[in-house]
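**Q** give me a model of this one.
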Amino acid sequence: MTVTPHSPQGTPAPYVSVGADRVWCWVAYRITAAVDVSLRSGYATLEAEQRLARAVGEQAEYVGHLLGLPESTVVALRLLHREPGLLDAYLVARVEAVTHPQALAAARSAAATLATVPDHVRLTPLAEPTEVAAVLAPFTPAAGGLAQIHKRVRVARPSRPDARVASYVAVEPFGRRPARWDALLDALRLHPTPLALSVELMAGQVPPQVRRMLEVEATRYSRLAKPVEQASDVGGTLRLGADAGAMTIEPFYLDALRRCDARAFRFAVTLAAPDPLPDALTALLGATVSPPAQATPNRDDPTTVPSGHLVARPASQAEHDTVAAAFTTLQPTTWGAADLATMLHADPQPSSRDALRLLRLLVDRGEAASLFRLPLAVEGHVPGIAVARPRDLTRVVAQPTGPALLLGDQGGADSSVSFAVADLPRHGFVVGTPGSGKTNTALHLCRQFHAHGVPFAVVEPVNAQLNDYRWLATLPEFDGLLVFTVGDDEVAPFRLNPFQVPDGATVTSHVSNLLACFEAAFGLWDPLPFLYRRALVETYRRRGLHAADRAGPADGDRWPVLPEFVAALTEVVGKLGYAGEVHANIDAAARLRAEALVEGACGTTLNCRRSYDIGALMRRPVVFELAGVGDNAKEQSLITLLLITAMRGWYRQHRRSTDKPHVLLLEEAHRVFPRAAPVSTGDSKEGNAQALAAERIAQGLAEDRKYGQSYFLIDQQVGKVAEEAYKITNLKVMHRTSAEDDRRLLGQTMGLTPDQEQAAAGLKPFEALVSHNALEQAVHITVPNVRALDARTRGMADAPLAEDYDLAARYARWRASEPTVDAALAPHPECEPCRHRCAFRRHAESLVDDRLVAALFDDDSFDSDRWWDALPTRLPELVGDPPPMLPGTDHTGWAADYHTCAFLHAQRRRYPPENWSANGRAAAVAWVANVRRSLSSVDEGSA
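**A** Numbering: from 1, shown residues only. Next up is the predicted model:
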């Protein structure tokens, strides 16, 4: 068994006392917490009693290490009860020397040895001599307030005439069976007045006379414990039977011979109080430090030798003063041996048995481990003492080369764990229960991505105003960060035309990618994938685009838009010839779902002619908030998959080998890559189709590595994410994970030990188990709490999050600097002249109904001069005044743009654009332009 020591940082301050010819020095550590050994490596799979036995064994090795201290050095474990319900624990060392410098040097050496405790406790050095003095003398013990645990003497009466002693005498050892201290600690912490329990050990050589005595007495009792024949004084032979008393006493000497071979400890176990001590408490102390053996004595098994103890109280004021002085100075005492002296003096002649008085003052390593018990959290708690999680003692064996990202540290010096920037394209997976620190880890990494010049994008499907990633926008170094509020055009709108083929790609490859997105988002079951593919091909064909056509920069407005796909899909479904329930099911799963995209919250995002310049976005940090889409997991999933497709289409055509990696962080990854389940009917059938399609896309993520694309998947549960998604990841970060099956699933891919898997259930916030290619095995780390550190720097309680107006201003600056944004914001060709694109879109769509359409287009004077003359007055009467302008909005043409927007949507409702030819689209643009001129002339005249 190997004890891995834990050494605290810092050196304890010495408390010095100078005598006439000696200098004494004391140093101390406070035990700030016991470690929950049930979560330690090698312990988690053991039963409680097995954990106790193993921990006591480790502490016995530590105590054995103390045997090497100089003979003048005393070490003590001291438990103080000063506050109700609490205990303070200390390790103290006392040294003595001739000179002051020698004493200080000896104190430093003793402190270093004392601090090499096993990882059962956490230590902090006492930095002030007054603190040490307060531990040594916490109060003045009262009369009746002192008691010690001594070794008990076993006595038997000789029955053989050749015994040559008045009585058989042996010193019982203390019990060495591992026993719990919980009951004793509980009694100490609940005592109504202050208490102190002090256990002192002073190492030294076993006195030679003790060793000789043991050998002589062991021989004596071995002889007496056997029958013997000897000559009689009157002639003949006298047979003497085995002496029962000798048979009782012999095992104690054989046991002592095995234990007292070279070095041992002088000891003292003292209970002190400023009030009289109750007998029940002292009895509990004795039974705890010297538990009885569980088996009958066996001469070949020393753990079964009967053990015992004696509670001794000072019988006089002199004895009381002696014990009190020893208690405050850490001096093992020699009082209380009168009973043994009386027995030995009864012998007919002097013998070596006088050394029993010295033996009674000694304990070996095993006995000392029963007395000198560091607080043990065998089952996660210790009465009266704080409990801490164990440190993972695995250390990094191979630091990454080149630029690297700090993941966290393992505690102590030189314990940081890093991850190479060059390994980012091998992907990452971060998992943990809510509040465990997943997003903090992502924020910590994002700051480092940016510092290394690595662009990244985050997809956050749930939060908006409380989105933690908005914190990045408050940092000076993230001036270029964009936060798009997808589905919320009032802050920072986003535009993505799914049907815009990436430059250099063919129409047929893009159709396949789109179909995969629809399958994964909607869970298309047969025959829906065939219907969607046919509708996609037809949509492009109506725009004069065919399978082998390759996209280029000049294609501009040639790309189809979402309503055109809906129209094509409607026709494809109508031509199937199905009827009744079958037709209704297919129609609902195909056409109605596609129409919902146009009419739903993501309609403004996807129903556009052009996408934002994806290449420009992939060169900077970006956050996509999907909360504006609403709690619609399928639409959120579709937008995320379309983003992945758009990014993939760009970097597969434009990525250079010298470019920095690009990182895409996907929060709630199971929404995009759900796990497939063996189901086959109804909604379950749809969900299974969705998961299977997502798995196929996840398999494609591995191929993106060669393009420098990195994916970081973030989720609360491993079991909800497709295996193909998280198994391909190199970096894995497991925060607190309560579900056993989740720990097992990810633990197998991380190479976790059973103990680490168990420990993952109790990780504190910001703690994690981490594995990647540069680590020989997974390690435990603590990730910096980046927002708390930032708040401390700002002098605030919490680090701020960027507000909507901050993001809107940031977006406005970017829009002004990026010429392609205005073109993308014009959802229809008729929108080109508008100065306030999409500011009125939702309002206009909501107020346009059949009544308004009839009022505009069913007039007998429609398209006549009289109709045009009346339009500037009549249209505002029909649609009302424009909404109020937001602060900072350009007021030029505000009313005209609003009224033109309403007319545009009324026109599109009367004449559906999916039926337009190329000439029809040109005519629609011209018609809306005329309306705009007519309205603008009136506005200018009024101005």
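
**Q** domains for this protein, by residue range?
**A** Domain assignment for the chain, taken from automatic domain parsing, gives 5-384, 828-942.

**Q** which intervals of the stretch 401-550 of the chain have sub-threshold pLDDT?
**A** Scanning the stretch 401-550 of the chain with the threshold set as pLDDT under 70 gives 412-414, 464-465.

**Q** helices along that one, start to end?
**A** All helices of the stretch 401-550 of the chain, identified by DSSP state H, counting those that start in this stretch, fall at 438-451, 507-522, 528-542.

**Q** what's the closest of those to residue 646?
**A** helix 507-522 (9.4 Å; Cβ to Cβ). Glycine gets a C-beta too; all of them are placed from N, C-alpha and C.

**Q** shaky segments in the stretch 251-400 of the chain?
**A** 294-304, 336-337, 346-350, 390-399.

**Q** weakest of the domains of the chain in terms of mean pLDDT?
**A** Here the lowest mean pLDDT among these goes to domain 828-942, at a mean of 80.

**Q** quick one: that domain to chain centroid distance?
**A** Averaging C-alpha positions (Cα atoms, centre = their mean, to the nearest Å) puts domain 828-942 56 Å from its chain's average.

**Q** surely residue 836 meets residue 892?
**A** No: under the criterion of Cβ atoms under 8 Å, residue 836 makes no contact with residue 892, lying 9.1 Å away.

**Q** what about the two, which has more around it?
**A** More crowded of residue 836 and residue 892, by other Cβ atoms under 10 Å: residue 836, with 21 against 12.

**Q** where's the closest residue to the more buried one other than its chain neighbours, which helix or strand?
**A** Among residues not flanking residue 836 along the chain, residue 897 sits closest, at 4.8 Å (Cβ to Cβ, 6 or more residues apart in numbering). Taking DSSP states H and E as the criterion, residue 897 maps to helix 894-910.

**Q** can you point out the buried residues in that helix?
**A** 894-909 (16 or more other Cβ atoms under 10 Å).

**Q** and these, which two are the farthest apart?
**A** 894 and 909 (23.4 Å).

**Q** how about residue 179, what does it touch?
**A** Residues near residue 179 by Cβ atoms under 8 Å, 6 or more residues apart in numbering: 288, 291, 370.

**Q** which SS state does residue 306 fall under?
**A** coil (DSSP: H, G, I helix; E, B strand; the rest coil).

**Q** how near is it to residue 291?
**A** Applying Cβ to Cβ, to the nearest Å, the value for residue 306 to residue 291 is 12 Å.

**Q** again, but for residue 581
**A** Relative to residue 291, and taking Cβ to Cβ, residue 581 is found at 77 Å.

**Q** next one: residue 937
**A** Residue 937 is 103 Å from residue 291, by Cβ to Cβ.

**Q** so between these two, which is more surrounded?
**A** residue 291 (18 against 12).

**Q** so after the helix holding residue 897, what's the next helix or strand?
**A** Trace forward from helix 894-910 with DSSP H and E and the next one is helix 918-942.

**Q** need phi/psi at residue 716.
**A** With angles defined as degrees, to the nearest 10, residue 716 sits at phi -90, psi -30.
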